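1. requesting a structural model of the entry that follows:
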Amino acid sequence: MSEEISDAESQQNAAEVTPPTAAASPGTTRKRRKTKRSQYIWATGKRKCAIAQVRLFSGKGEIVVNEKPYKEAFPRLEYQHAVESPLEAVNSLGKFHATIKVKGGGLSGQAEAIRHGIARALVKENELFKLSLRKEGLLTRDARIKERKKYGLKRARKAPQYTKR
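-> Down below sits the predicted model:
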């Protein structure tokens with residue numbers, strides 16, 4: 001009996017000595033991940049066959065795509081504006097640093113996948129951004145992808161030329 005009491009007391013004392021685990025404050029809606037340097041918000045954007053993994057840090061506003069500045073990765077202004085558009089929609093162009101990994105598809109699909117990913121990450125950062133991003137159409141995933149080729153046809157829908165005789 002005395003051994004059982006001493007075991008129970010030792011377990012109780014051990015529970016008192018160890019600090020309780022830190023819980024997230026109730027009311028925060030941010031989902032942040034910790035890295036060695038700082039915290040970030042992540043999201044995934046998709047368009048055609050392109051998939052972009054976006055990490056959004058609070059910072060000075062540079063956007064890095066596949067370890068290159070986004071202006072090097074996307075030389076056309078059309079694609080650069082697509083990447084910047086979610087940040088412009090919420091007036092935070094110089095407030096966030098984005099690190100992005102994108103693969104698959106072409107430049108157009110990659111730029112729009114990045115746009116979709118940045119918009120999703122901004123909504124995770126602040127729910128109030130959702131209305132303006134939704135109004136601009138940046139949160140909707142564009143599901144149009146290339147249609148598969150069917151047998152007996154030249155492409156997805158183009159049939160061989162019909163010959164009567």
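2. mind listing the helices for the protein?
-> With DSSP state H as the criterion, the chain has helices at 2-17, 70-73, 77-89, 107-125, 129-136.
3. so for stretch 87-96, mean pLDDT?
-> Here stretch 87-96 scores 92 as its mean pLDDT.
4. what's the spacing between that stretch and its chain's center?
-> 16 Å (CA atoms, centre = their mean, to the nearest Å).
5. follow-up on the earlier one: closest to Lys48 out of the helices of the chain?
-> Closest to Lys48 of those is helix 107-125 (CB to CB; 3.7 Å). Just so you know, the C-beta spots here come from the backbone N, C-alpha and C atoms, and that holds for glycine as well.
6. any idea of the mean pLDDT in the closest one?
-> 96.
7. looking at the helices of the chain, which is buried most?
-> Sort these by mean neighbour count, taking mean count of other CB atoms under 10 Å, and helix 107-125 sits at the top with a mean of 24.
8. can I get that one in CSV, CA atoms only?
-> C-alpha atoms of helix 107-125 as CSV (Å, rounded to 0.1, in the frame of the first residue of the first chain):
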residue,chain,number,x,y,z
LEU,A,107,4.3,30.2,-67.8
SER,A,108,0.6,31.3,-68.1
GLY,A,109,-0.6,28.5,-65.9
GLN,A,110,2.2,29.0,-63.4
ALA,A,111,1.5,32.7,-63.0
GLU,A,112,-2.2,32.2,-62.4
ALA,A,113,-1.5,29.4,-60.0
ILE,A,114,0.8,31.7,-58.0
ARG,A,115,-2.0,34.4,-58.1
HIS,A,116,-4.4,31.8,-56.7
GLY,A,117,-2.0,30.7,-54.0
ILE,A,118,-1.1,34.2,-52.8
ALA,A,119,-4.9,35.1,-52.6
ARG,A,120,-5.6,32.0,-50.5
ALA,A,121,-2.6,32.8,-48.2
LEU,A,122,-3.8,36.4,-47.8
VAL,A,123,-7.3,35.1,-46.7
LYS,A,124,-5.6,32.9,-44.1
GLU,A,125,-3.7,36.0,-42.9
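9. sounds good, over and out.
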